[in-house]
Every structure is written in structure tokens, then in C-alpha cells.
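J.: Here you go, sequence then predicted model.
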Amino acid sequence: MRSSLLALLGLVLAAAPCAADPLPVFQPPDAAPATEADTAPVAELAPPPALSPAAVEAEAARLRAALQREVPDVLPRTPARDRAKLRRAMQAVAASEQAIERPELLVVVDRNPRVQELSIVLARPDGPWEMIGSTKVSTGQVGRFDHFITPLGVFPHTDAILDYRAEGTFNENHIRGLGLKGMRVWDFGWQMGDKGWRADRESGEMRLLMHATDPANLAHRIGRPASAGCVRIPAAMNRFLDRHGVLDFDYERAAQDDIQYRALLLPGRVPTPLAGDALVVVDSSLDAPGPAAPLPTASLSPAASELLSRLSGDP
């Protein structure tokens, strides 16, 4: 079933409006003829072992150090800005169907035209949420034909869709819209987005991706809205998310019995045990002045809900 879905995905990706390049579909190696073992039901994988609080803290510290080492231009942090970012992430998760059931990482993007930031957040079901670090990004540009406003919400990254890698080829405008060859393209599927070129902001389908961009012609635009609706990230952040498997919780499990996922994941990677499975898009320009209004907290534990209530009083 998964193979047929992937084949169908290959037929429709080329129509996606999000990238400047025609989207190259990752081609896995030819599969060997099916055997009796291949067709046998696959046993459900056991959940990963729970990490102790000390192990979670140690891994968060490792990731912070690795981010500073591997990604230039990591943004400076302040306690007040961290609290505001964490509050928005918690509010978005609380209003969604995404449950936080273990300590895990979220990739949180603020599409505010004056902000344009990506943050890696450590979410806990029963403890404080923490900031790992942030960089600049680019989200959807308004006023240009066929450019969508990057949609708000929580977008799962699961093995229902296979990511792919940039081919590094130039389009007719001599642009490598997905970045250099081998850059990871995270695919969050078809989503509804507002058409930024229309005054009435009519909604339509767009393919939501997260990817690098042309290092010579487009990378200098990162930090302001410039994409067709996707999330453009710096090449160094692309490599960091890829190497450490920040959103690869489902992918690492799928790779145990699926050659297509094993082929996609980097050899020599250092997957974090805190890997998550969701992109969160928020917009700080929509923050209401004064104390935040109460939000549903069904996706949060009582401890996290209490933390959100405290954070909601911060600017």
C-alpha cells in the first residue's frame, strides 16, 4: 500500500506551486522480487525506551552545542523572547490534535513578516518546554502570482509521505530552488493556504514543503517573506535537521523494514532520541494585546497546561 501511495505522489508533485524548481522525486533503488517474508505482516514496533529526565537534559544540551557549532547565524536568545516563542508553540499544539506524549522536538516557524524565524523547541508532556535555538527563514510572499501565505497550524511529519532530496539542477531561470544536490526536502503534504496574490485571500491547495534554496541567488533573501508558500531554511540548518533527525521519529522506525526510508536517511547521521514528528507554524503578528485568551488544552498534560497558563501572561 505504501509503495502505491509513493508512486501516486510522484505523479502529482510536479504540479506543486511551492518550489521554484520542478520537484525531483526521490528514486529509491529497484526493489527485489517479493518473497514470503516480504509479504508477511510486519510486527508493530515497540515504543522507544523512555529517557530519564537527566538523559533528556543531557541530549538537549548536546543539541544546543551542536547547533552553535554547525549552524552559523544562530539567533541570540533572551528569556523574554524564549518565553514568548514557547507560549505560541504551546498554544498551537493545544489547539491541534497533536498530542505530546514524551519529550520530543518540534520545529516551530513564526511567519510574521517582521520575524521570519525557525525555532527548535523541546516539548515535554509533564515538564517545562525549552528552546534549543533559532535561525532566520523565509515563508510565503504576498502580492506575487501563484504565491501562497504559509498556512498556520501543526503539520505532522510521518511515514505516510516519503521526503526526497534536491537534485541540484537549474530551472529555466538558472535557479536551484531546492538548494544544492542532496539537500533534504521535508514534505508535509497538500494543505490549504491563502492565495497571497488575491485581494480576497481565497483559499486553495498548496504543497507544504520545508527546504533549502539557491545559495547564490536566493539564500540572501532568507529572513523575509520570499517563498511560494513553503518554508525556506538556511543550508546549514537543513543539514542540522537532517543529520540529527530532528523530525525523523517515524522515519527511523520505518527505515527498519523499508528500503526507501533507509535510502533517504543520511549515512553517518546522529539521530537524536528526542526526534519529533511535527512542524508548527505560528504568527506573532496575530498576538492579541494583553493576557492571552484561554485555549483548549486537550493535547497538553495538566502540568503543561499549567505552564501555558503562566506563560500566557508574558509579553
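T.: Good, I have the coordinates.
J.: Please count neighbours and contacts with C-alpha atoms only from this point.
T.: Will do.
J.: distance between the longest strand along the chain and the chain's centre?
T.: Assignment by DSSP state E gives strand 184-195 as the longest strand of the chain. Distance, stretch centre to chain centre, for strand 184-195: 10 Å (Cα atoms, centre = their mean, to the nearest Å).
J.: Distance from the following helix or strand past that strand to the middle of the chain?
T.: Next helix or strand after strand 184-195 toward the C-terminus (DSSP states H and E): strand 203-211. Distance, stretch centre to chain centre, for strand 203-211: 13 Å (Cα atoms, centre = their mean).
J.: again, but for stretch 72-90
T.: 17 Å.
J.: buried sites along the longest helix along the chain?
T.: Once the chain is assigned using DSSP state H, the helix that runs over the most residues is helix 53-70. Buried residues in helix 53-70, counted by 16 or more other Cα atoms under 10 Å: 56, 59-60, 63-64, 67.
J.: who does the longest strand of the chain touch, helix- and strand-wise?
T.: strand 148-149, strand 164-165, strand 203-211, helix 235-243 (3 or more Cα pairs under 8 Å, 6 or more residues apart in numbering; DSSP states H and E).
J.: most packed of the ones you listed?
T.: Among the helices and strands packed on strand 184-195, strand 148-149 has the highest mean neighbour count (mean count of other Cα atoms under 10 Å), at a mean of 29.
J.: now the one residue sitting closest to the centre of the chain: how far from residue 197?
T.: Geometric centre of the chain, nearest residue: residue 279, 3.8 Å, by Cα atoms, centre = their mean. According to Cα to Cα, to the nearest Å, residue 279 stands 25 Å off from residue 197.
J.: same question, residue 287
T.: 24 Å.
J.: do the same with residue 148
T.: 7 Å.
J.: joint contacts of those two?
T.: Taking Cα atoms under 8 Å, 6 or more residues apart in numbering as the criterion, residue 148 and residue 197 both touch residue 142.
J.: Residue 287 and residue 197: which is more packed in?
T.: residue 197 (17 against 12; other Cα atoms under 10 Å).
J.: got a list of what that one touches?
T.: 142-148.
J.: The same query, at a cut-off of 10 Å, please.
T.: 141-149 (Cα atoms under 10 Å, 6 or more residues apart in numbering).
J.: so residue 161 sits in a helix?
T.: No - counting by DSSP: H, G, I helix; E, B strand; the rest coil, residue 161 is not part of a helix but coil.
J.: Could you verify my assumption that it touches residue 186?
T.: Yes - Residue 161 is within contact range of residue 186, at 9.3 Å (criterion: Cα atoms under 10 Å).
J.: Tell me which of these two has more neighbours.
T.: Using other Cα under 10 Å, the more surrounded residue of residue 161 and residue 186 is residue 186, with 23 against 16.
J.: which residues touch that one?
T.: Per Cα under 10 Å, 6+ apart, neighbours of residue 186: 157, 161-165, 208-212, 231, 238, 242, 247-248, 279.
J.: now with 6 Å?
T.: By Cα atoms under 6 Å, 6 or more residues apart in numbering, the contact list for residue 186 reads 163, 209-210.
J.: Tell me how far it lies from residue 120.
T.: As for residue 186, its distance to residue 120 is 15 Å (criterion: Cα to Cα).
J.: what about the nearest residue to residue 150 once chain neighbours are set aside, which SS state?
T.: Leaving aside its chain neighbours, residue 150 sits nearest to residue 229 (4.6 Å; criterion: Cα to Cα, 6 or more residues apart in numbering). Secondary structure state of residue 229, per three-state DSSP, is coil.
J.: So, low pLDDT: which residues of the stretch 201-315 of the chain?
T.: For the stretch 201-315 of the chain, the stretches flagged by pLDDT under 70 are 290-315.
J.: If you count contacts, what does the host helix or strand of residue 106 end up packed against?
T.: Secondary-structure element containing residue 106, defined by DSSP H and E: strand 104-110. Applying 3 or more Cα pairs under 6 Å, 6 or more residues apart in numbering; DSSP states H and E, we find strand 104-110 packed against strand 117-123, strand 278-282.
J.: That concludes my questions; thank you for your assistance.
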